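**Student:** One predicted model, sequence on top.
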Amino acid sequence: MSAASVLREQILSLVRQYHEAQFPVRPFAPGHDLAHYAGRVFDAEELCHLVDSSLDFFLTANRYAERFEAEFSDYLGLSDALLVNSGSSANLVAVTSLTSPKLGERRLKPGDEVLTVAAGFPTTLAPILQNSLVPVFVDVNLGDYTADPNRLADAIGPKTRAIVMAHTLGVPFDLDAVGELAKKHDLWLIEDNCDALGSRYRDRLTGTFGHLGTMSFYPAHHITMGEGGCVVTNDERLARIARSFRDWGRDCYCAGGESNTCGTRFSQQFGTLPHGFDHKYVYSHVGYNLKVTDMQAAIGCAQLQKLDTFIARRRANFDWLLNALRPYEDRLLLPRATPHSAPSWFGFAITVRDGAGFTRAELVRFLEANRIETRSLFAGNLLRHPAFTGIPHRVVGGLANTDTVMHQTFFVGVYPGLDRARLEHMASAFARFMRGERAGGL
Amino acid sequence: MAVAQKLQCAVERIVDHGEHVYTLVLRPDRPAPRFRAGQFLHLALDPYDPTGFWPESRVFSIASSPDDRSAVRVTYAVHGQFTARMESEIREGGRVWIKMPYGDFVIDSPGDVVLFAGGTGISAFTAYLEALSPPASDRSYVLGYGARTAELLIYKDVVDRSAARVPALDVTWFVETGAIPSSRIGDPTRWLPGRVSVAALWTQIRRPRESDFYISGPPAMLAAVAADLRARQVAPEAIHIDAWE
Ligand SMILES: Cc1cc2nc3c(=O)[nH]c(=O)nc-3n(C[C@H](O)[C@H](O)[C@H](O)COP(=O)(O)OP(=O)(O)OC[C@H]3O[C@@H](n4cnc5c(N)ncnc54)[C@H](O)[C@@H]3O)c2cc1C
Ligand SMILES: Cc1ncc(COP(=O)(O)O)c(C=O)c1O
């Protein structure tokens, strides 16, 4: 072993010790510790991976990124997984890829319509607008918070070319209906799977149904890299286009620090460039740079090993909470899965029913006062936000439920960091609130 | 393109075809990633440290079948400095690094397929030919495969096996110099002297307007065959070239 590898081993062994010292498991202190809605869950492995990759000092995507992309695409059973620096970037790359001239007549053009929902996260919608496409909004179901499939069929017009939707909080939207529509009308389908890694529909993983799927590895998500995301596809042509948009728009697909991967770096003809112009600097798209560092990917490799356990914990926590909150169903609309689906739950969504006798604000204030984190179902109704009020769009069939989500829905956590003590604390807070206790103390 | 991976391989076997043409059978330490017939790999001679940069390498068509990812085969001819190093440095039992898969040169036409292979260029087609099965419909396959001598038709066996299995595969062999092997007299396949040419194959092509043409071989052959096809009004989109630098 070289001196460097001996030192590396020593450093990593110290990192393990450091992890034990810095991040010991402490018993939950109700009322003091937060019952987070989500958060990173890690052990010494993640720290070791991170330090190991930092010691390479390669910095840009390298061995860990290669490993993550290979293992993740295998996990999903797809040909390609492309790491990007966030779920939002994944959506940007996925939607923008569909505008590529390389897709000929099938490419999305300015003014083409894209079906989506307004009850969701802004960067599912943003890339539609950033590409001068026109969103067409349909309402969502209360309880599963995914698009009402009947409304989707009604929304299709002569300019509709694509469907871009999220599996909200891990709940798969009706992929039977959406798949059929996409087929019948020759629509592109992008699944924003940022909140649904591990969810299944008819036993198949979500994110693998559409032409492209997207993932987020922000700390709140099923696995994390800090910042990070992924575009996945089983279409090698789309993968090549997506890689180009991710990597400055270049035609060449060499990874950072590589050249002549195509073997014909100096012997091709592109546009009106001189013959043999360096392929590494030939641009076939108006692109971005949305790549990750190898350190992010290194953390992801350690997290990926834990994914199945994480998914199981999320499901178990969800079931436990559902059971605990069942008695309040008259006042709270509890979350439910869509038919044929097995969600890998992102959160536990609750809508305060009309006539409950209290408001969402009161309940949320009580929970937060008891150190239980809550979140809105993201934007509620995106169309009511300053950024989106003036956008060109269509709404089909009204957005009554979306407005209900905005006024009456919130979610609490089910993430693997919630142990039994935290769940019990959450259940007890709900119980006390339902008995009439209000914000102010434990 | 599937996610490309870097793999260390044992050199299991080296087949010397003569005239500085070799086939390497490489056994990667873990199964090679999925690839499609016609794709290529990079081969490096200098050791690769995964924490650093990929060393100098050259690209070679993956000549083995995508169905077997436990071993990978490439065939190379010594041309310049790097392939000369390969000839002198690679030994059976030695180790090399590869990264794969790369390339868009995949034969995915749903209709009639015409293949032109010159020399080691056949390696871009062998994976396809090995996986070829008798078509369900009225499809036809035409292959023109040429080399300098009959001995250098190194993938003769693969082609023979495919032709025996798939009657819809029509094969014409081209040999530039030397005699046509006596064992080949009375063959169902055709043997012609000279270089691979469009003219010699044209009558074998049943529906030239509805066929896709794939060309792999030395640059001069690529240029000549492509120019001849264009002169015969074959649409540029139907001409696919595996351009080797
Ligand atoms: C898609 C494709 C598939 C191929 N498949 C095969 C195959 O199956 N069998 C086969 O025999 N050959 C194949 N080739 C060609 C092979 O990759 C070699 O380029 C060729 O054999 C030239 O020989 P050489 O590398 O020894 O020549 P060299 O003299 O070493 O160089 C040849 C070319 O390599 C480039 N080059 C030179 N130095 C460097 C360097 N330091 N770093 C990077 N590039 C450099 C230059 O562009 C030069 O023109 C293929 C090429 C391509 C593009
Ligand atoms: C549905 C959905 N899409 C996209 C994103 C964006 O992901 P990121 O935060 O990694 O940019 C989020 C973020 O939580 C999300 O919930």
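**Tutor:** Thanks, I have it. Ligands and ions are numbered 1, 2, ... in the order given.
**Student:** Quick one: neighbours of the residue of the stretch 251-400 of chain A found nearest chain B, just the number.
**Tutor:** Nearest residue of the stretch 251-400 of chain A to chain B: residue A:263, at 3.4 Å (CB to the nearest CB). Yep, even glycine has a C-beta here, placed from its N, CA and C like the rest. For residue A:263, the count of nearby residues is 21 (other CB atoms under 10 Å in any protein chain shown).
**Student:** OK, contacts around it?
**Tutor:** B:40, B:42, B:58-59, B:102, B:244-245 (CB atoms under 8 Å, 6 or more residues apart in numbering or on different chains).
**Student:** Which helix or strand contains it?
**Tutor:** Assigned by DSSP states H and E, residue A:263 falls within no helix or strand.
**Student:** Got a PyMOL select line for the buried ones in the contacts of residue A:263?
**Tutor:** Burial among the contacts of residue A:263 is assessed by 16 or more other CB atoms under 10 Å in any protein chain shown; the matching PyMOL selection reads:
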select buried, chain B and resi 40+42+58+59+102+244
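**Student:** want to try JSON lines for the contacts of residue A:263, with secondary structure, pLDDT and distance to residue A:186 as columns?
**Tutor:** As requested, the contacts of residue A:263 are exported to JSON lines (DSSP: H, G, I helix; E, B strand; the rest coil; pLDDT from 0 to 100; distance: CB to CB, whole Å):
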{"residue": "B:40", "secondary structure": "strand", "pLDDT": "95", "distance to residue A:186": "33"}
{"residue": "B:42", "secondary structure": "strand", "pLDDT": "97", "distance to residue A:186": "38"}
{"residue": "B:58", "secondary structure": "strand", "pLDDT": "95", "distance to residue A:186": "42"}
{"residue": "B:59", "secondary structure": "strand", "pLDDT": "94", "distance to residue A:186": "37"}
{"residue": "B:102", "secondary structure": "strand", "pLDDT": "93", "distance to residue A:186": "31"}
{"residue": "B:244", "secondary structure": "coil", "pLDDT": "78", "distance to residue A:186": "38"}
{"residue": "B:245", "secondary structure": "coil", "pLDDT": "68", "distance to residue A:186": "39"}
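**Student:** out of the contacts of residue A:263, who's nearest ligand 2?
**Tutor:** Using CB to the nearest ligand atom, residue B:102 is the member of the contacts of residue A:263 that lies nearest ligand 2, at 29.3 Å.
**Student:** Show me what that closest one bridges to in the sheet.
**Tutor:** residue B:40 (DSSP bridges).
**Student:** Looks like it contacts residue A:264 (just checking).
**Tutor:** No. If you go by CB atoms under 8 Å, residue B:102 and residue A:264 don't touch, sitting 10.7 Å apart.
**Student:** Around chain B, which positions in chain A sit nearby?
**Tutor:** A:55-56, A:58, A:62-63, A:66, A:69-70, A:73, A:79-81, A:236, A:239-240, A:253, A:255, A:257-258, A:261-268 (CB under 8 Å from any CB of the partner chain).
**Student:** And those residues, which of them are buried?
**Tutor:** A:56, A:58, A:62-63, A:66, A:69-70, A:73, A:79-81, A:236, A:239-240, A:253, A:255, A:258, A:261-265, A:268.
**Student:** which of the residues you listed are close to ligand 2?
**Tutor:** Contacts with ligand 2 within these, counted by CB under 6 Å from any ligand atom: none were found.
**Student:** Among those residues, which ones are in helices?
**Tutor:** Mapping these onto helices (DSSP state H) picks out A:56, A:63, A:66, A:69-70, A:73, A:236, A:239-240.
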